[in-house]
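J.: Sharing a sequence plus its predicted fold:
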Amino acid sequence: MKKTNLFLSLLVIFITGSFMTACAQKSKTNKLTEEDRSRNEYVQSMDVLSNIIGNVRLYFVDTISIKHMTRRGIDAMLGGLDPYTEYIPYEEMDELKLMTTGEYAGVGAIISQRPDSAVIIQRPMEGMPADEAGLIAGDRILTIDGKDFRKSTTPKVSQALKGIAGTVAKVTVMRYGETKPRTFSVKRQKVIMNSVTYSGMLDGSIGYIRLNNFTDKSAEEVRTALLDLRDKQGAKGLILDLRGNGGGLMQAAIEIVNLFVPKGKEVVTTKGRIAESASVFRTLTEPIDTKLPIVVLIDGQSASSSEIVAGALQDMDRAVLMGQKSYGKGLVQTTRQLPYNGVIKLTTAKYYIPSGRCIQRLDYSRTNRTGMATAIPDSLHKIFYTAAGRRVEDAGGILPDIEIKQDTAATLLYYMAINNDVFDFVTGYVLKHKTIAKPEDFSITNEDYAAFCKMMEEKKFDYDRQSGKMLDKLEELAKIEGYLPEANSELKALREKLKPNLSRDLLRFKKEITNHLNNEIVTRYYYERGSIRQSLPEDKVVKEAIKLLKDHPEQIRQILAAPKAENKG
């Protein structure tokens with residue numbers, strides 16, 4: 001009996017082992033099949049694509065550029081992945097270099113195109129060749145090195161203005177209000193786009209740094225500004241303004257965080273589909289200051305590297321965040337070399353800030369009925385904790401510790417900001433006034449504003465109003481639902497009240513329009529730094545940050561402190 005039981009036991013073990021081995025082999029076979037399937041799809045797809053291009057080249061009815069056709073196909077293919085993955089051919093490598101280093105060789109001028117196809121100088125950069133040579137905002141570009149650019153495009157003009165440092169560009173322009181062209185000899189040089197566009201003291205004791213992007217020089221620029229504000233100007237608190245900063249190099253963000261936190265702290269972790277995408281990045285050097293109170297300003301345009309800085313400082317309880325929720329870009333791009341000296345900028349990983357949260361807002365693998373990427377639903381948001389134990393969320397962006405809602409600008413201001421007549425009014429003003437007061441003291445007079453209003457009415461300035469469009473839709477729905485006869489008189493009265501009235505709106509929004517004109521004029525004389533200085537006194541978020549740093553140090557400590565334990569009774 002015992003022998004029989006022993007035999008049965010061994011038989012069961014043998015059968016079980018054989019079954020498990022078979023399952024393992026089957027699993028391995030399935031895995032190989034999946035890999036083979038993926039490889040086959042790749043080979044077949046390349047074969048089909050090659051044959052399509054070959055057939056189009058040989059048999060399509062018209063002669064076409066295979067290069068341009070292929071480029072459109074590549075752009076469409078990569079565009080379906082996410083907005084950040086892109087092919088950059090050799091001819092466009094200057095743009096990539098500008099994004100990563102903030103440098104290019106040219107004349108240092110921002111240009112734009114008018115409706116009549118003329119390309120104008122929108123703004124010469126301070127101290128750069130175009131500025132030094134005497135080109136000013138409003139100059140219409142006629143020729144460059146003898147080549148006609150009267151009817152051209154900004155990319156073509158931009159390419160003509162760029163070149164080898166040390167070479168001279170002969171630029172002929174027509175100045176606003178003049179009838180004879182002017183020719184300028186502009187010596188090209190290495191143009192550096194500074195990341196720190198302004199730094200200075202506010203209200204006597206608060207340092208302020210505006211950071212516009214993240215390049216390989218950004219951390220050094222912030223470091224220099226910080227030391228100047230703290231050691232030379234006596235800053236007792238710091239406002240780091242990341243509003244509108246769409247990001248850039250991740251390494252620059254890590255180095256900036258390193259200025260304020262101890263060596264060896266984890267700042268960001270990246271994780272991707274393949275092992276080589278996984279990395280942990282820590283602070284590598286001793287900090288500049290770990291005690292100085294900091295308020296970081298963010299908004300809906302603060303993205304990527306801006307969110308690494310803001311999120312890491314929040315997770316380490318090192319800074320108070322103020323403003324509006326950030327954009328929510330938690331994706332990492334890397335470049336890989338391609339044939340013919342091109343590169344592909346490819347999303348290869350997601351990044352995670354010290355608390356462990358990823359702040360990516362959109363899921364590009366899922367789209368809605370219109371083909372748009374969908375936001376990660378609130379139900380999937382998770383709770384994480386800062387170093388001190390404060391609750392934070394992976395809420396599709398960084399939530400500020402103190403939220404301050406952004407003022408809604410009137411529609412009229414939006415249309416004025418992009419209107420050429422406003423630009424020309426400012427240009428005319430500058431030609432009549434050789435100098436103006438300091439940025440913080442300047443304002444146009446009532447007479448200047450009256451002249452502006454007269455010009456806008458003479459030009460019949462037109463602007464769209466969404467309220468009128470919504471009323472049209474409401475009237476259409478009322479008609480479909482049969483309520484129009486009863487509501488017709490009320491709708492007509494409302495339409496009359498909403499009827500655009502330029503004179504009335506110019507009076508109603510005088511303060512906002514005056515601020516806009518002041519800023520545009522100041523920019524012409526004092527460049528971008530002057531524009532920022534001029535706008536700061538009216539900046540609601542900056543004013544709240546100053547008040548917090550100067551008058552409420554205890555509130556800062558409370559915000560950053562560990563939460564009090566709950567009484568459980």
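T.: Noted; the coordinates are in hand. Worth saying up front: this structure is predicted, and the values here are computed from it rather than measured.
J.: center of this protein, which residue is that?
T.: With distances taken as CA atoms, centre = their mean, residue 246 lies nearest the centre of the chain, 2.6 Å away.
J.: So for that residue, what's the nearest residue that isn't a sequence neighbour?
T.: Ranked by CB to CB, 6 or more residues apart in numbering and with sequence neighbours excluded, the top spatial neighbour of residue 246 is residue 303, at 4.9 Å. C-beta: built from backbone N, CA, C; applies to glycine.
J.: Distance of that neighbour relative to residue 259?
T.: Counting by CB to CB, to the nearest Å, the gap from residue 303 to residue 259 is 21 Å.
J.: quick one, which of the two is more surrounded?
T.: Between residue 303 and residue 259, counted using other CB atoms under 10 Å, the more crowded position is residue 303 (25 against 21).
J.: check contacts around that one.
T.: By CB atoms under 8 Å, 6 or more residues apart in numbering, the residues touching residue 303 are 245, 246, 247, 326, 327, 328, 329.
J.: host element of the second one?
T.: Taking DSSP states H and E as the definition, one finds residue 246 inside no helix or strand.
J.: how about it, what does it touch?
T.: So residue 246 contacts 213, 301, 302, 303, 304, 306, 327 (CB under 8 Å, 6+ apart).
J.: could you flag which of those are buried?
T.: 213, 302, 303, 304, 306, 327 (16 or more other CB atoms under 10 Å).
J.: just these now: which is nearest residue 344?
T.: Comparing these against residue 344 with CB to CB places residue 304 closest, at 18.5 Å.
J.: Quick check on the closest one: phi, psi?
T.: Residue 304 adopts backbone torsions of phi 60, psi -110, taken as degrees, to the nearest 10.
J.: what do you get for residue 206?
T.: Main-chain torsions, residue 206, degrees, to the nearest 10: phi -110, psi 120.
J.: which ones are touching it?
T.: 235, 236, 237, 238, 239, 545, 546, 549, 550.
J.: Could you provide the residues you listed in JSON lines, with additional columns for neighbour count?
T.: Shown next, in JSON lines, are the contacts of residue 206 (neighbours: other CB atoms under 10 Å):
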{"residue": "235", "neighbour count": "26"}
{"residue": "236", "neighbour count": "15"}
{"residue": "237", "neighbour count": "23"}
{"residue": "238", "neighbour count": "24"}
{"residue": "239", "neighbour count": "24"}
{"residue": "545", "neighbour count": "28"}
{"residue": "546", "neighbour count": "21"}
{"residue": "549", "neighbour count": "26"}
{"residue": "550", "neighbour count": "16"}
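J.: So which of the contacts of residue 246 belong to helices?
T.: If you go by DSSP state H, the contacts of residue 246 have residue 306 in helices.
J.: Point me to the helix or strand that includes residue 425.
T.: For residue 425, the host element (DSSP H and E) is helix 420-432.
J.: Apologies, that question was intended for residue 497.
T.: Element membership for residue 497 (DSSP H and E) is helix 484-498.
J.: And the next helix or strand past that helix?
T.: Proceeding N to C from helix 484-498, the next assigned helix or strand is helix 502-508, under DSSP H and E.
J.: could you say what helices and strands that next one packs with?
T.: Contacts defined by 3 or more CB pairs under 8 Å, 6 or more residues apart in numbering; DSSP states H and E place helix 502-508 against helix 446-458.
J.: Over to residue 413: give its phi and psi.
T.: phi -70, psi -40.
J.: give the contact list for it.
T.: Residue 413 touches 509, 512, 513, 516, counting by CB under 8 Å, 6+ apart.
J.: what about the third one, which SS state?
T.: To tie it back to what came earlier, the one meant is residue 513. Taken by DSSP: H, G, I helix; E, B strand; the rest coil, the conformation at residue 513 corresponds to helix.
J.: surely it meets residue 506?
T.: Yes. Counting by CB atoms under 8 Å, residue 513 touches residue 506, with 6.8 Å between them.
J.: More neighbours: which of these two?
T.: residue 513 (23 against 20).
J.: Give me the pLDDT for the more buried one.
T.: pLDDT for residue 513: 93.
J.: any weak-confidence spans in the chain?
T.: Scanning the chain for pLDDT under 70 picks out 1-32, 464-466, 565-569.
J.: Got the domain ranges for it?
T.: Using automatic domain parsing, the domain ranges for the chain come out as 41-79, 103-192, 196-403, 411-551.
J.: now do the same end-to-end measure for the shortest one.
T.: The separation between the terminal residues of domain 41-79, taken as CA to CA, to the nearest Å, is 20 Å.
J.: Go through the domains of the chain and name the closest to residue 559.
T.: Proximity to residue 559, assessed across the domains of the chain by CB to CB, is greatest for domain 196-403 (5.3 Å).
J.: Okay, now that closest one: how far is its last residue from its first?
T.: Criterion CA to CA; first-to-last residue distance in domain 196-403 is 24 Å.
J.: Send me stretch 57-68 as CSV with only the CA atoms.
T.: Only the C-alpha atoms of stretch 57-68 are listed here, as CSV (Å, rounded to 0.1, in the frame of the first residue of the first chain):
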residue,chain,number,x,y,z
ARG,A,57,8.4,58.9,-57.9
LEU,A,58,8.0,56.8,-61.1
TYR,A,59,4.3,57.0,-61.9
PHE,A,60,2.6,60.0,-60.3
VAL,A,61,1.1,62.3,-63.0
ASP,A,62,3.1,65.4,-61.9
THR,A,63,6.7,65.9,-61.0
ILE,A,64,7.0,66.3,-57.2
SER,A,65,9.7,66.6,-54.7
ILE,A,66,10.2,63.3,-53.0
LYS,A,67,12.1,65.0,-50.2
HIS,A,68,9.2,67.3,-49.4
